[in-house]
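Participant: my questions are about this predicted structure, shown below with the sequence.
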Amino acid sequence: MSRQVTLAPPRPLIVVVTTLSALVTITLFSWGAVSDETLSSHLTYGTVNAFICVLAGLVLSSRIYAQGEMLYVVNVVTVTAVPREAIAEVNGRNGVYVLTWQGEEVEYLAYGSSVLQIFFPSRRYRRVAEDMWIWAAGGAHSEPSHRGVTRRPRKAVLVGSLVSLALWLPLGRLAYEHNDTLLRMLASL
């Protein structure tokens, strides 16, 4: 199997905001679960925390990478594969997107277009687009391909959701059974 080359990692601002938001939300929901003494609240708060962890993981693992002759755009919920020979243009002026010979536009949500980009173009967006274009031009293809772009859901969405539920439901039950101990620990802070 060929080596994976990351062309666009998650943007640092998105990493920081996602991580801090997840930590604050999980802390607040955990505190709410401990202060509320019913089993259903422990299970509900735990389930919400589990889905926040899955969502944060999906956001933090989104990226654009090249492997072999394919360019993969990994968004939060989908993975889009674009064959190298199908790429007609890579644009980084207002967001980063790939235009195929068939006229299909593939955009990476983290590097998406915005009104702000119209007035203040980003060097990061331009650099990512240049790296993608260099990769696309590096192939030995001279004519447009009719191979299409393929999209599929990310496996991590389903697997992460099921695993998080499988872990959080027993943990919610355990937290409910030891609620007095947790309340004493919070009171001592």
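Facilitator: Okay, I see it. Bear in mind the structure is a predicted one, so any value in this text is a computation, not a measurement.

Participant: where do the strands sit along the chain?
Facilitator: 4-8, 63-67, 70-74, 78-83, 87-91, 97-100, 105-107, 150-153 (DSSP state E).

Participant: for residue 130, which of those is the nearest?
Facilitator: When the strands of the chain are compared by CB to CB, strand 87-91 sits nearest residue 130, at 8.0 Å. All C-beta spots, glycine's among them, are computed from the backbone N, C-alpha and C.

Participant: so for that closest one, mean pLDDT?
Facilitator: The average pLDDT within strand 87-91 is 91.

Participant: next, the angle from it to strand 70-74.
Facilitator: Interaxial angle of strand 87-91 relative to strand 70-74 (axes from the mean of the first three to the mean of the last three CA atoms, to 10 degrees): 40 degrees.

Participant: who are the packing partners of strand 87-91?
Facilitator: strand 97-100, helix 123-137 (3 or more CB pairs under 8 Å, 6 or more residues apart in numbering; DSSP states H and E).

Participant: of the ones you listed, which stretch is the most buried?
Facilitator: strand 97-100 (a mean of 20; mean count of other CB atoms under 10 Å).

Participant: follow-up on the earlier one: mind checking which of the helices and strands packed on strand 87-91 is nearest residue 26?
Facilitator: helix 123-137 (29.1 Å).

Participant: which residue is nearest the centroid of the chain?
Facilitator: residue 59 (2.5 Å; CA atoms, centre = their mean).
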